[in-house]
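**Q** Provided below are the primary sequence and the corresponding predicted coordinates.
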Amino acid sequence: MTSYGDAAFSLFLRKAFIKAAGYSDDALERPIVGIVDTASDYNPCHGNAPQLIEAVKRGVMLSGALPMVFPTISIHESFAHPTSMVLRNLMAMDTEEMIRAQPMDAVVVIGGCDKTLPAQIMGAISADLPTVVVPVGSMVVGHHKGETLGACTDCRRLWSSHRAGDIDAAEI
């Protein structure tokens, strides 16, 4: 808990702000479960995160705890600069610090892809709180000429066909 040099004042201030958000004394006596939100318009991998967050919130409430959603960095490989590994490490630090910075008894991390979930798990382990990992699942697939297309593997295969002259610019 943030300290203002007076433990009683620090607790009073924390309660005043959380009550300003509309929470009752009863709600504040429940265990708090933080829920990490990685949704971003830049990240189609996490496009269903808002629906998963709502489902997790319902489950947390039904278990008698208080869900508190908070954001962290969202990584998408195609938009990662300078590299996705740099952002993975930054996300791990962000996740850890956001967990440590806010009052919670446990945390649910919601994410996907090969950089986000490791970053979230690394951060949660370092923060040393009970953690539940909820993968977002695979991205929504596309279709082209009757073929179901996934993500990176199909992109690379089709781009290779384009470069070889088998698929023209309009089709790619």
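**A** Sure, I can see it.

**Q** give the buried residues for stretch 30-47.
**A** Neighbour-count burial for stretch 30-47, counted by 16 or more other C-beta atoms under 10 Å, picks out 30, 32-40, 43, 45-46. Glycine gets a C-beta too; all of them are placed from N, C-alpha and C.

**Q** actually stretch 68-78, sorry about that
**A** 68-69, 72-77.

**Q** low-confidence regions, the chain specifically.
**A** By pLDDT under 70, the low-scoring segments of the chain are 1-2, 151.

**Q** how's it carved up into domains?
**A** Listed domain ranges for the chain are 24-139, 141-172 (source: automatic domain parsing).

**Q** including distance to residue 6, could those domains go into JSON lines?
**A** Below are those laid out as JSON lines (distance: least, C-beta to C-beta, whole Å):
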{"stretch": "domain 24-139", "distance to residue 6": "18"}
{"stretch": "domain 141-172", "distance to residue 6": "53"}
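
**Q** backbone phi and psi for residue 145, please?
**A** phi 50, psi 40 (degrees, to the nearest 10).

**Q** measure it to residue 167 for me?
**A** To residue 167, residue 145 is 10 Å away according to C-beta to C-beta, to the nearest Å.

**Q** which one of the two has more residues nearby?
**A** Between residue 145 and residue 167, residue 167 has the larger neighbour count (other C-beta atoms under 10 Å), namely 15 against 6.
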